[in-house]
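In: task: produce atomic coordinates for the following.
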Amino acid sequence: MPAAPPDLVAAQLLDAAFARAPLSIFDQPVVGIDDEKERLALLKLGADLIVKTRLAKFDDEGRTSIVLTNAGRYWALSGGWLAYLREEPLAVGGGGRARNPETEALRSEYMRLRLNTFWWSFGLSIAGFVFSVISVLIAIFYGDRVLPR
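Out: Numbering: from 1, shown residues only. Presented below is the predicted three-dimensional model:
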């Protein structure tokens, strides 16, 4: 029988963590996995997946038990992991509207130009500082020879 995909294991862990907290991830059975090493690796991968998406957090130092976050409890009540995967991601910055790709392209172009301008101005500032230091050194060492008394 083929191995269960990590998404199904994550769904199972999310439901089990909602039922009881904290949930020891390595005590959970995985349907269709007879090899103990493969089962443990798959459970760890599923737990890492729901922790990475911030639906749960590890509860102990050994990273063997998980507790749901508020978002995890919401998605456990709203259909579980698979409903979370079907949900459209919200735009960054809130508002619920997706950004226009043309606006994003312009924004990245302007950021590139701004960074280029920054490095040019930084380089010219350094060059001006070097020239002023050289001018002060020339004035200190050769000033009495150049200026008559």
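In: distance between the ends of stretch 23-32?
Out: 21 Å (CA to CA, to the nearest Å).
In: list the buried residues in that stretch.
Out: Of all the residues in stretch 23-32, those buried under the rule 16 or more other CB atoms under 10 Å are 23, 25, 28, 30. For glycine as for every other residue, the C-beta is placed from the backbone atoms N, C-alpha and C.
In: contact partners for the third one?
Out: Counting by CB atoms under 8 Å, 6 or more residues apart in numbering, residue 28 makes contact with 12-13, 16, 43.
In: re earlier: and of the buried residues of stretch 23-32, the nearest to residue 114?
Out: residue 25 (45.6 Å; CB to CB).
In: just the ones in helices from the contacts of residue 28, please.
Out: 12-13, 16, 43 (DSSP state H).
In: I'd like to know how far the residue nearest the centre of the chain sits from residue 141.
Out: The residue lying closest to the centre of the chain (CA atoms, centre = their mean) is residue 52, at 8.8 Å. Using CB to CB, to the nearest Å, we find residue 52 at a distance of 62 Å from residue 141.
In: where are the low-confidence patches of the protein?
Out: 1-4, 88-98, 146-149 (pLDDT under 70).
In: ranges for the helices of it?
Out: If DSSP H is used as the criterion, the helices of the chain fall at 6-19, 36-52, 70-77, 81-86, 101-146.
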